[in-house]
Every structure is written in C-alpha cells, then in structure tokens.
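*Asks:* output the structure for:
(3 chains)
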Amino acid sequence: MLNELFTPSVQHALDIVGIFVFAISGALLAVRKNFDVFGIAVLAEVTALGGGIFRDVIIGAVPPAAFTDLGYFTTPLLAAVLVFFLHPHVERIQVAVNVFDAAGLGLFCVSGTVKAYDYGLGLTSSAALGLATAVGGGVLRDVLANEVPSLLRWDRDLYAVPAIVGSVLVVLCIRFDALNAYTSAVAVITAFVLRLLALRFHWRAPRAFNRRSSRAEETGAVM
Amino acid sequence: MLNELFTPSVQHALDIVGIFVFAISGALLAVRKNFDVFGIAVLAEVTALGGGIFRDVIIGAVPPAAFTDLGYFTTPLLAAVLVFFLHPHVERIQVAVNVFDAAGLGLFCVSGTVKAYDYGLGLTSSAALGLATAVGGGVLRDVLANEVPSLLRWDRDLYAVPAIVGSVLVVLCIRFDALNAYTSAVAVITAFVLRLLALRFHWRAPRAFNRRSSRAEETGAVM
Amino acid sequence: MLNELFTPSVQHALDIVGIFVFAISGALLAVRKNFDVFGIAVLAEVTALGGGIFRDVIIGAVPPAAFTDLGYFTTPLLAAVLVFFLHPHVERIQVAVNVFDAAGLGLFCVSGTVKAYDYGLGLTSSAALGLATAVGGGVLRDVLANEVPSLLRWDRDLYAVPAIVGSVLVVLCIRFDALNAYTSAVAVITAFVLRLLALRFHWRAPRAFNRRSSRAEETGAVM
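*Replies:* Now for the predicted structure:
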C-alpha cells in the first residue's frame, strides 16, 4: 500500500498543512472580492478541498476524505476566521503565504499521484490526477470568484510546471520501484523549490505566437 | 431509515416543489441574460438539480436521483416553458418566487442532510452536504451565467445562514435521537422563516474590515 | 451489450476523432484568450474530455474512460501542440474545424446516450446524458475561459438541437429495438448534418419576448 509512505499521523499532518495554506489563499481572494464572512468560508473550503474531492470522485473513493475527516473540514474554517480578523496582517505576509502555498502544491501533487495509483490508475493518469489534485482547488476558487483561473494565464509565474515535475518524479519512482518516504519527500521538495524559484525569478511559460495577441498587448487590452 | 420521515409520496411532492421553484429562479436569470429557449431550459435544469446531483455524486448514490426519477427531470422543463411564455408575469410576482425559493431552500437543506447521514456521513459532514444541496444549484446557475455567485456576495440578503440553521437543527435532532416528521418539519419551517425574515429586513453578513474595499465602495466600484 | 454497435476498434477510432476536434476548439479559444502553453493544454483536455468524464461520474463508471485509456489523454495534448505551433493556419481553416466539431457533436451525443443506457438509465435520462456528454466539454471550456457558455447564448447558431435530435433518435431506436450499427450511424449523421445546416443558414433559437432585452439590444449592450 503506497499510501503508507509516511506514518499515518505524519501524512495527516502534512495534508492539514496543505489544506490550511490553500484555504488562506481562498479566503484572501474572497476578502479582495468583497465577499461577506460566509463567502470567505465557502471560498476557503472550496480552494482547500476542491482538488482532493475531484480526485476522490474520479477514482471512486466516495465519500471523499474531505467529508469523512472532520479535521479536513474544520481547518479551512479556521483559516477563514484568521483571515476575517487578521487579513491586513495576512496580506502583509504575502511572502509567507506564497511559501506555504508552494508547500501545499508540492504536498498535494505527490499525495494525489500516490492515491490515484493506489486506486488502480495507470502511471500517466496518476500523474495527471496528481496535478489536478494540486491545482484543482485554485481553479475552482477563481471560477467561483468569476476570474480567469490564474493557472491558465500567461502573466502569472509558473504554477503547473512544478506540480507536473513533482507528479512525474513520483510515477518514475513507482515505475522503478523506488517510491518510499525519502524519494517522495524529494519529489515534494523539488516541486516546492521549483515553485519558489518561479516566483523569485518570474519564470513564465510561452504563449502561442500570434499577431492578434501582440497587438492586444500594445494597446494594453490584454484580457 | 431516516429517509422515511414522511410517506414517500409526501417526500416526493416536497422534492418536486423545491425543484420547481429553483428551476423558476434559474429560468428567470436566463431570460435576464438574454439566453435562448435552450439556455433557459439548461439553466432551469442546472439550478434545480445541481445541488442534489452534487450530493449524490459525493455520497456515491449514482446514478443520482435526478437521472432516475423522470419527474425530477421534467419539472424544470415545465418551469422553463412557463417562464418562456409568461416571464413578465413571473417577474411581477417576484415576491411569490422569493417565497417559493425560500421554501425550496428549507426543504433541500433538510432532505440533503438526512440523505447524507443515511449514506453514512458524520453529523458535521451531513450538515455541510445539506447546505451544499440547498445552495449548490444556485451557485452553478450563477457560474454558468458568468456572474459572481450571489451566495458569496455581501450585498445580498442572508441565504446560507437559514440553510445552515436548518441543517444544524436536523443533525441536533439526529444526535439526540429526536428526528421524526414533526421535528424535521420544524427544521424546514425554521430555515424558511429565517430566509423570509432576511429578505424582509435585509439582513446581511459582515465583511472583513479593510481599507481597500471601503475605498471601492466610496467610488462605487464594488465588484 | 449495446456498446458493441461497432467493432471496438472502430468505436475507439471514432471516440479519438471526436476528442481531437473538441480539443482543437478548446486550444483555439485558449490562444484567443492569450493563455500560455499550459493553459492551452489544460483547456484542450477539459474541452475534449469534460463531457465524457461528467457522464462517467454520473453513471458510476469510475475511473472514467478518460483516465484509463492513454489515447484519450494524449490526443488533446497533440491537438494543443498543433494549435500552439500552427494556430494561424488552424484559424484559417475554421471551416474545417467547424465541420470536425459538428462530427464530434454527432459522435458524442450518440455514444453518450448508448453508454448511459448500458449503465441502466431510463430512455429520457439516457438522452439527457447523451446531450450532456456532447455539450459538457464546451460548457466547461467557456466557464474556465470566464465567458458565457456559447451553448446558452441566443446569438450563436443552434448547437444543442442537433445533439438532442441525435440522442432522441438513439432512444427511439432502443425503444423499438432497432439500434444497430446502421441506425446509430444514421443518428450520428443526422446530428452532424443538422449542425452543419445550422451553421450554414445561421439557425437560431427564439428568446423569451421581453422589453428589457429588446432595449439592451438597441443600445448595443447585449450581455
């Protein structure tokens, strides 16, 4: 059973950390969009749990862990309360939020890939679902806030690539029978560091070359 | 089996009423967004059935009731036809629509919570899924119409709170072994009346205090 | 087993064709929205596979075919690469894309209806789910691109109707025990030709008559 890479309590603690930091990012966007306290809580829950719920529905692990583990459900509420009362301070520590969010990305792409493989998916599909686990909550967050998902926008620093690298590292380890607590920790840390580097050096992905979008940029009418 | 609080035919009739009034609200938004007749039908179906389909997928009750009970599927089409031909009249009776929508909210939060508990979820998760059942269709409606879900907006009267109260009342009844047709009717009516009071007195939820949104309001640039 | 209308390899080839052309339409929208290369790949995947994944989750066929068949997953990536490098040429052949997309619509509404019936849904629900299979990916594509789904807009040529006709033809064949490779091919071709005619003659569906939207049109403020 691959899922037992770490002791259950360590795995659970890592999950809670990932859920918490994703919830913070959802709650902060809700504040910026001027949502009320319930909107903040809803967006925190959706951002934190959306990717995992999608993964569990796809692999048939219903009800999803988010609905069976009380800690998963209450952690985003705690994040919403913190942001509600302290959000100017939370915004001031945006750097810290980015670091935690990168950690959540690394943790979720690895744990999502492992769980998908555990439920019988192939290697490629497991990596794809690991990626979806890591980025799905953020996409739902942006859709509910009626914005273009920042995952898709060219003017945001690389977000998918670190998660893809982490997921692919995991399936390579599985393929070569080398997945254990150490190698999966390496995958988490690789995705984490890549995301931090992308933020630090503003790495971006290329867009398709086309005249229309170039023109749009010149006139400042991008999106 | 908690599901048999009411006789099956009474339960079914209540479900159909809730589906019908939610479908009306979806069809009216579609008319306002200038959708064609198929857009009206799609938005009516999604608004009426979205919350229940989400609940059933989460608890593993597939195919969802919306796909096995012909009445659930055809009721929104009837609502769409009515709105298509009569919508100026339907709009004129907006008060009636609000009352029916409040009734749907009360019915769905209670029946959603009960069904989730029946499928083995814990008390907290059942209440959360009951809330999702009640508000999920409306959120999908607003997302498809490319608007910020009114559930999340601070400038709309309380919508989530009545559903939360109804769901929590149900799980309290379950916890103390007191759930029956009478107590669940009390939960439905409590949620219903709370929603009507919120509409009547424009109860709203607080937002996080922050200078940016205050400034936005002054300049009228809220959202 | 209705699913074996065609030989498995023919069925699979038709599925891949449908996935490919839907992926092209997703990738092209991503380029128009100025997304980066990963945004193009994500939108291609979602557009091509979204409808089928929704259908499989609803009928309980998890993990969905999109996650068990490597060809389903890699085809949209190929489409994304083609659009990334060749999109001015792809746009120039918009007519060809429309024709292929119409073919995808016909294929998916028929195969979706058949698969839903195979999994025990009723005739009406099977037709509804066939329609959802055919149009679901496009709706998700538009939601992620933060646009009103073109399925719902009155100013787009008929899209749902051809799929509805195709799905209804299939359930009529099932009802009268006449479903085979020939009759289902007729259903595919009927939906395909209807969509092409709708494009050619700009067939549109009526909107509900109302003064507000008429006024909006006059001032050019539609949506």
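*Asks:* give the phi and psi angles for A:Trp154, as a check.
*Replies:* The phi and psi torsions at A:Trp154 (degrees, to the nearest 10) take the values phi -70, psi -20.
*Asks:* gap between stretch A:98-105 and the chain center?
*Replies:* Stretch A:98-105 sits 8 Å away from the centroid of its parent chain (CA atoms, centre = their mean, to the nearest Å).
*Asks:* what does chain A put close to chain C?
*Replies:* Counting by CB under 8 Å from any CB of the partner chain, the residues of chain A close to chain C are A:57-60, A:119-122, A:124-125, A:128-129, A:139, A:143, A:146-149, A:151-154, A:160-161, A:204-208, A:210-213, A:216, A:222-223. Glycine gets a C-beta too; all of them are placed from N, C-alpha and C.
*Asks:* give me the subset of these touching chain B.
*Replies:* Checking the residues of chain A next to chain C against chain B by CB under 8 Å from any CB, the ones in range are A:Val57, A:Gly60, A:Val143, A:Asn146.
*Asks:* what's the neighbour count on the residue lying closest to A:Gly112 once chain neighbours are set aside?
*Replies:* Residue nearest to A:Gly112 in three dimensions, not counting chain neighbours: A:Thr133, with 2.7 Å by CB to CB, 6 or more residues apart in numbering or on different chains. Using other CB atoms under 10 Å in any protein chain shown, the number of residues around A:Thr133 comes to 30.
*Asks:* OK, contacts around A:Thr133?
*Replies:* By CB atoms under 8 Å, 6 or more residues apart in numbering or on different chains, A:Thr133 lies in contact with A:Gly51, A:Gly52, A:Phe54, A:Arg55, A:Phe108, A:Cys109, A:Ser111, A:Gly112, A:Thr113, A:Lys115, A:Ala116.
*Asks:* may I have the phi/psi pair for A:Ala205?
*Replies:* Main-chain dihedrals, A:Ala205, degrees, to the nearest 10: phi -100, psi 150.
*Asks:* any idea how far it lies from A:Val139?
*Replies:* 16 Å (CB to CB, to the nearest Å).
*Asks:* now do the contacts for A:Thr74.
*Replies:* B:Thr124.
*Asks:* can you tell me the SS state at it?
*Replies:* For A:Thr74, the assignment made with DSSP: H, G, I helix; E, B strand; the rest coil gives helix.
*Asks:* test for you: state the pLDDT assigned to it.
*Replies:* Note for A:Thr74: predicted pLDDT of 94.
*Asks:* now, which of the ones next to chain B among the residues of chain A next to chain C lie within helices?
*Replies:* Secondary structure defined by DSSP state H assigns A:Val57, A:Val143 of those to helices.
*Asks:* identify, from the ones next to chain B among the residues of chain A next to chain C, the entry nearest to chain B.
*Replies:* Chain B lies nearest to A:Asn146 out of those, by CB to the nearest CB, at 4.6 Å.
*Asks:* you'd agree that closest one is up against B:Leu144?
*Replies:* No - counting by CB atoms under 8 Å, A:Asn146 stays clear of B:Leu144, with 11.6 Å between them.
*Asks:* between these two, which is the more surrounded one?
*Replies:* B:Leu144 (26 against 16).
*Asks:* so which helix or strand takes in the spatially most central residue of chain A?
*Replies:* The centre of chain A sits closest to A:Ala134, judged by CA atoms, centre = their mean, with a distance of 3.5 Å. Here A:Ala134, judged by DSSP states H and E, is contained in helix A:123-144.
*Asks:* next, count neighbours for A:Arg195.
*Replies:* 27.
*Asks:* wait, it sits on A:Phe100?
*Replies:* No - using CB under 8 Å as the test, A:Arg195 is too far from A:Phe100 to be in contact (11.0 Å).
*Asks:* can you report how many residues lie near the closest residue to A:Tyr119 other than its chain neighbours?
*Replies:* Among residues not flanking A:Tyr119 along the chain, A:Ile59 sits closest, at 3.9 Å (CB to CB, 6+ apart). As a burial measure, A:Ile59 scores 24 neighbours (other CB under 10 Å).
*Asks:* give me the pLDDT for A:Ile59.
*Replies:* We have a pLDDT of 94 for A:Ile59.
*Asks:* swap in A:Gly26?
*Replies:* On the pLDDT scale, A:Gly26 is placed at 90.
*Asks:* what about it, helix or strand, and which?
*Replies:* Per DSSP H and E: helix A:8-32 holds A:Gly26.
*Asks:* worst mean pLDDT across the helices and strands of chain A, which element?
*Replies:* helix A:211-218 (a mean of 44; mean pLDDT, DSSP states H and E).
*Asks:* on that earlier part again, which residues does the residue nearest to the centre of chain A contact?
*Replies:* Contacts for A:Ala134 (CB under 8 Å, 6+ apart) come out as A:Gly51, A:Gly104, A:Leu105, A:Phe108, A:Cys109, A:Gly112, A:Ala163, A:Gly166, A:Ser167.
*Asks:* turn the ones next to chain B among the residues of chain A next to chain C into CSV, including distance to A:Phe73.
*Replies:* Below are these laid out as CSV (distance: CB to CB, whole Å):
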residue, distance to A:Phe73
A:Val57, 16
A:Gly60, 21
A:Val143, 21
A:Asn146, 25
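*Asks:* and the ones next to chain B among the residues of chain A next to chain C, which two are furthest apart?
*Replies:* Using CB to CB, the pair of these lying farthest apart is A:Gly60 and A:Asn146, separated by 31.4 Å.
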